[in-house]
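Participant: would you be able to build a 3D model of this:
(2 chains)
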Amino acid sequence: MWCPGCGHGIVLNGLIRAVEELGINKNDIVMVSGIGCSSRISGYLDFHTLHTVHGRALAFATGIKMSRPELNLLVPMGDGDALAIGGNHFIHAARRNIDMTAIVMNNRIYGMTGGQYSPLSGHGILATTAPYTNIDHSFDVVKLAAAAGATFVARSTAYHVQQLTDIIKQAITHKGFSVVEILSQCPTYFGRKNKEGSAVDMMERMKDVTTPIGSKAKKENPDLIERGVFVNEDKPEYCSEYNKIIERAMKGN
Amino acid sequence: MNEKKIKFVQGNEACVEAALYAGLNFFAGYPITPSTEIAETLSARLPQTGGKFVQMEDEIASMCAIIGASLTGNKVMTATSGPGFSLMQEALGYAVMAEIPCVIVNVQRGGPSTGNPTHVSQGDVNQARWGTHGDHAIIALTASNHQDIFSITVDAFNMAETYRTPVILLFDEVIGHMRERLVMPEKGELPLVERLKTSVKRGVDYHPYLPREDGRLPMSDFGGVHRYNVTGLFHDMWGFPSSDPAIVHGLLRHLADKIMNNENSIARYKEYFLEDARTVLISYGSSARSALHVVKNRRARGESLGLLELQTLWPFPADIVREKCKNARCVIVVEMNMGQVLQQVKTAVDNPEKVFLANRIDGVLINPTDIRNIMRLIQGKGV
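Facilitator: Predicted structure coming up:
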């Protein structure tokens, strides 16, 4: 499904390792995905897999999680899927703090349709729908998720595969809405359009443009993108709160 | 003697009572006039029975959430009106494709666009049929009084399970908001269809899209003992995507045939004085109340007038309409749109020239005087 050099396979690898290391039974995992390159990840996995419509994976997942709160919900999405067409569902799932893990596989481009700019492409990049350069500014996924109420927010990259696995483990274990942004490379479209070289070159670049949260390098170069866990807090979780509603309603108060 | 429980309720509340009677245990929705009372009432009632209610961020999300909840084994519903129904269409098509039982209530108001939110219309009949893209079949039901809202809502849940399909309840503002008597059926009085579950045991391969000999597809609760894939793409018996022409053709045929081949068993209708009727009125929903008034009133004066009240709008019960109209000199379709059921009736009957439209499209309930005046015009008598 994925092109040679695509970063999504590395994300898949990290995800499988995370599940393996946590020792979660495959039968206890539901993966809900939307539409796009990223969303085809569900087709490679032997979980309960629901491949839905573009942008709405979190809404489908909400129906499943509320019905079966004991299941682990994993919701991998692309940058366009999660934050353009699905942006509203993203912020509202975060606001509810419903217990699921949203993984934004951010390759800054619509790959499946051939390289159009996404809400995470960023100002000045080239895309098949931005032949004169993109004038849209991009979301900061971490700030957006935190502001919307997500109780676990983290970022890593396809280059930092060990950190990636560790962060996904923390996100799955966290009770509440977890967002993990993973920078992933699309050498086929983003790379070629923007002259970023091969997949290896693009991954080298991920190493160069990112830095651990609060590092000295960040102070010296504010343009560096921070990696790590930004938010990890306790807040009443949606399904647990709804169970309290059921208890009250059944008692008649 | 058992005293039956009698309620004095809105049509929207009658729909809620029936949904709970049918076993509804998950509802997701978004506020919109004139359907909102359904969400409000269920937000209180569902948790009392251990069921779940969620107010989503929009109608798109509501439709998606009920699909997810249905897959896990719940009986599910959402309720909306025109603009929200428009937003639901893509996910509704997903439910058609993935064969997920669900009930969608559209309490119709005037359209297009924001239209006439607090006023009546029956303008979404064709949208119910063809709102989502691609060839498909759909079931849409309606009713003209609260007792019938109750039984047709139970029917909707039963058909959703029987045919593994979304079922649309196409009510209208007058029926939704009007208050009248509802005699609550006893438990067991109306038959309920429960989900057909697979007999395949844990650890044995389960094919989610492999039909039994009778064409039905037993389900396994998603997230339960069997792991499988569900997609909105054309898919094989495993639920995995396929663009193999034979599989695409076979699945599309299956989706249409499972409903179209059962048109007559899905058909619900009521008839009044049709045996010797020379003029047949065909109506549904709140306009059928006015049509029935006209029929009873003119019968008393010796006119051979009858009413065929449709409760199943899709698949359109063409055989029944043709049969009931075969001796009529004149057929008049009474509805509150520009002739959406009229076109179906014209296609169904042997002689389309004898079919006329009596309608209102101004947000006001068509009343018996309107129908009588239009009938006089059709008969060449003037108003």
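
Participant: close to chain A: what parts of the stretch 51-200 of chain B are there?
Facilitator: By CB under 8 Å from any CB of the partner chain, the residues of the stretch 51-200 of chain B that approach chain A are B:52, B:54, B:56-58, B:60-62, B:64-74, B:76, B:90-91, B:94. All C-beta atoms are positioned from the backbone trio N, CA, C, and that covers glycine.

Participant: residue of the stretch 51-200 of chain A nearest chain B, please.
Facilitator: A:G63 (2.9 Å; CB to the nearest CB).

Participant: can you count the residues close to that residue?
Facilitator: 30 (other CB atoms under 10 Å in any protein chain shown).

Participant: any regions of chain B where pLDDT drops low?
Facilitator: Low-confidence segments of chain B, defined by pLDDT under 70: B:1-2.

Participant: okay, now the domains of it?
Facilitator: Domain assignment for chain B by automatic domain parsing gives B:6-183, B:269-378.

Participant: tell me which of these is the most buried.
Facilitator: Ranked by mean neighbour count under mean count of other CB atoms under 10 Å in any protein chain shown, those are led by domain B:6-183, which reaches a mean of 23.

Participant: what's the spacing between that one and its chain's center?
Facilitator: Centroid separation between domain B:6-183 and its chain, computed with CA atoms, centre = their mean, to the nearest Å, is 8 Å.

Participant: re the thing from before, where does the residue of the stretch 51-200 of chain A closest to chain B fall, helix, sheet strand or coil?
Facilitator: The three-state label given to A:G63 by DSSP: H, G, I helix; E, B strand; the rest coil is helix.

Participant: tell me the contacts of it?
Facilitator: B:26, B:28, B:54, B:64-72, B:76 (CB atoms under 8 Å, 6 or more residues apart in numbering or on different chains).

Participant: which ones among the residues you listed map onto helices?
Facilitator: Counted as lying in helices by DSSP state H, out of the contacts of A:G63, are B:64-71.

Participant: any idea where the helices of the chain begin and end?
Facilitator: Answering for chain A, as no chain was given. A:8-22, A:57-67, A:79-80, A:87-96, A:141-148, A:161-173, A:192-193, A:199-209, A:216-220, A:238-251.

Participant: let's do chain B instead
Facilitator: Using DSSP H, helices in chain B cover B:11-22, B:36-48, B:59-71, B:82-98, B:125-130, B:146-163, B:173-177, B:245-260, B:263-266, B:285-300, B:318-324, B:340-348, B:368-378.

Participant: counting by contacts, list what the fifth one packs against.
Facilitator: Counting by 3 or more CB pairs under 8 Å, 6 or more residues apart in numbering or on different chains; DSSP states H and E, the packing neighbours recorded for helix B:125-130 are helix B:82-98, strand B:139-141, strand B:166-172, strand B:312-314, helix B:340-348.

Participant: go with 10 Å
Facilitator: If you count contacts as 3 or more CB pairs under 10 Å, 6 or more residues apart in numbering or on different chains; DSSP states H and E, helix B:125-130 packs onto helix B:82-98, strand B:102-110, strand B:139-141, strand B:166-172, strand B:312-314, helix B:340-348.

Participant: now swap in the last one and tell me
Facilitator: For helix B:368-378, the elements it packs on are strand B:279-283, helix B:285-300, strand B:330-335, strand B:355-359, judged by 3+ CB pairs under 10 Å, 6+ apart.

Participant: now the third one, how far from the chain's geometric center?
Facilitator: Remark: strand B:330-335 is offset 21 Å from the chain centroid, using CA atoms, centre = their mean.

Participant: the residue of the stretch 251-383 of chain B found nearest chain A: what's it in contact with?
Facilitator: Per CB to the nearest CB, B:L251 is where the stretch 251-383 of chain B lies closest to chain A, at 15.4 Å. By CB atoms under 10 Å, 6 or more residues apart in numbering or on different chains, the contact set of B:L251 is B:97, B:99, B:209, B:234-237, B:242.

Participant: make it 6 Å
Facilitator: Taking CB atoms under 6 Å, 6 or more residues apart in numbering or on different chains as the criterion, B:L251 is in contact with B:F234.

Participant: before we move on, what about the one 5 residues further on?
Facilitator: When the contact criterion is CB under 6 Å, 6+ apart, the partners of B:A256 are B:A137.

Participant: okay, the helices and strands packed on helix B:368-378 in JSON lines with distance to chain A next?
Facilitator: Listed next are the helices and strands packed on helix B:368-378 as JSON lines, based on distance: least, CB to the nearest CB, whole Å:
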{"stretch": "strand B:279-283", "distance to chain A": "36"}
{"stretch": "helix B:285-300", "distance to chain A": "30"}
{"stretch": "strand B:330-335", "distance to chain A": "32"}
{"stretch": "strand B:355-359", "distance to chain A": "36"}
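
Participant: now render the ones you listed as JSON lines, adding distance to B:D214.
Facilitator: Below are the helices and strands packed on helix B:368-378 laid out as JSON lines (distance: least, CB to CB, whole Å):
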{"stretch": "strand B:279-283", "distance to B:D214": "33"}
{"stretch": "helix B:285-300", "distance to B:D214": "33"}
{"stretch": "strand B:330-335", "distance to B:D214": "36"}
{"stretch": "strand B:355-359", "distance to B:D214": "37"}
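
Participant: for chain A, what's its nearest residue on the stretch 51-200 of chain B.
Facilitator: For the stretch 51-200 of chain B, CB to the nearest CB, closest residue to chain A: B:G68, 2.9 Å.

Participant: check whether that residue really touches A:F60, as I assumed.
Facilitator: Yes. Counting by CB atoms under 6 Å, B:G68 touches A:F60, with 4.1 Å between them.

Participant: quick check: the spatially closest residue to B:D370 that is not a sequence neighbour vs B:V321, distance?
Facilitator: In space, and not counting its chain neighbours, B:D370 is closest to B:R360: 6.0 Å by CB to CB, 6 or more residues apart in numbering or on different chains. Using CB to CB, to the nearest Å, B:R360 is found at 22 Å from B:V321.

Participant: try B:S113
Facilitator: 31 Å.

Participant: ok, A:T101 next?
Facilitator: Taken as CB to CB, the spacing of A:T101 relative to B:V321 amounts to 53 Å.

Participant: what's the answer for B:P47, then?
Facilitator: Taking CB to CB, one finds B:P47 at 43 Å from B:V321.

Participant: cool, and A:L164?
Facilitator: From A:L164 to B:V321 the distance is 62 Å (CB to CB).

Participant: likewise A:N232?
Facilitator: A:N232 is 64 Å from B:V321, where distance means CB to CB.
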